[in-house]
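Engineer: Dropping the sequence and predicted coords here.
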Amino acid sequence: MTGEELERIKEYVRNKMAVSTDPQHGYDHPYRVSANALKIIKYLNISKIDPNLLEAICYLHDVPVSLYKHNSAFKHFFEKHAISIYLPMILDDIKVKNGERWIILNAIKRHPFSIPYKRLNRNGDIYTKVLQDADSIDFLQFVREEGLMENRYKYFFYFILSFFAKRYLNYARRNLGNYLNFPELARYNWFGRE
Ligand SMILES: [Fe+2]
């Protein structure tokens, strides 16, 4: 994928996320996921990968769920459904090449549910594994936890989660390798503070 195509996709995502009402899924989230993904391929020395395509996947991964007009709990449990409805249309919009289309669809379709359910893709393709790990690492960032707590009175689902979020998220940060396709990534300092 060319750098120009990637920039076009980022612009597309920025426009779509600007109208998202979900506080946990603004444009800053895919931006951080993409930065995590680039760090992952550097740390693991992965060279057989197209970094532009990987970044495009990271930017696009939550656009389907952001277009899904349901409450947060519904979005969480039916994320795969949102992906199957919206992602093909999104890919038609941005006109990606056929080979890339399959890679993007496959990675995004398989990325949900690593946290808390540990539905990993350890035998999956490299784009799927890196996207899922990059997203899981972002899920555990303190800024996401703060977002959840700040919005707990706005969304009933967040209100329920807020009671056990802190303890659970600390547990998951300490046991990060169990939630990753590449458990060896757990030895890096992803969270800035402990
Ligand atoms: Fe995400």
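Structural biologist: Received, thanks. Numbering: from 1, shown residues only.
Engineer: Which positions in this protein make contact with the ion?
Structural biologist: Contact residues (C-beta under 5 Å from the ion) of the chain with the ion: 62, 135. All C-beta atoms are positioned from the backbone trio N, CA, C, and that covers glycine.
Engineer: so after the one helix or strand in the chain whose mean pLDDT sits lowest, what's the next helix or strand?
Structural biologist: Least confident helix or strand of the chain, by mean pLDDT, DSSP states H and E, is helix 72-77 with a mean of 71. Next in sequence after helix 72-77, counting helices and strands by DSSP states H and E, comes helix 79-94.
Engineer: residues of whatever helix or strand comes next after that following helix that come out buried?
Structural biologist: Using DSSP H and E, the helix or strand that follows helix 79-94 in sequence is helix 98-110. Under the neighbour-count criterion of 16 or more other C-beta atoms under 10 Å, helix 98-110 has 100-101, 103-110 buried.
Engineer: relative to helix 79-94, how tilted is helix 98-110?
Structural biologist: 160 degrees (axes from the mean of the first three to the mean of the last three C-alpha atoms, to 10 degrees).
Engineer: what sits up against the helix or strand following helix 98-110?
Structural biologist: Going down the chain from helix 98-110, the next helix or strand is helix 126-139, by DSSP H and E. Helix 126-139 has contacts (C-beta atoms under 8 Å, 6 or more residues apart in numbering) with 29, 32-34, 36-37, 40-41, 46, 48-49, 53-54, 57-58, 61, 103-104, 106-108, 110-111, 114-115, 120-122, 124, 144, 176, 179-182, 185, 190.
Engineer: Check the offset of helix 126-139 from the chain's centre.
Structural biologist: Distance, stretch centre to chain centre, for helix 126-139: 6 Å (C-alpha atoms, centre = their mean, to the nearest Å).
Engineer: Now it: buried residues?
Structural biologist: Neighbour-count burial for helix 126-139 [16+ other C-beta under 10 Å]: 126-139.
Engineer: which residues touch A165?
Structural biologist: Contacts of A165 by C-beta under 8 Å, 6+ apart are 145, 148-149.
Engineer: from these, which would you call buried?
Structural biologist: 145, 148.
Engineer: nearest to I160, of the contacts of A165?
Structural biologist: If you rank the contacts of A165 by distance to I160 using C-beta to C-beta, L148 comes first, at 10.8 Å.
Engineer: What is the helix or strand hosting that closest one packed up against?
Structural biologist: Following DSSP H and E, one finds L148 within helix 142-150. Helix 142-150 sits against helix 156-174, with contacts defined as 3 or more C-beta pairs under 8 Å, 6 or more residues apart in numbering; DSSP states H and E.
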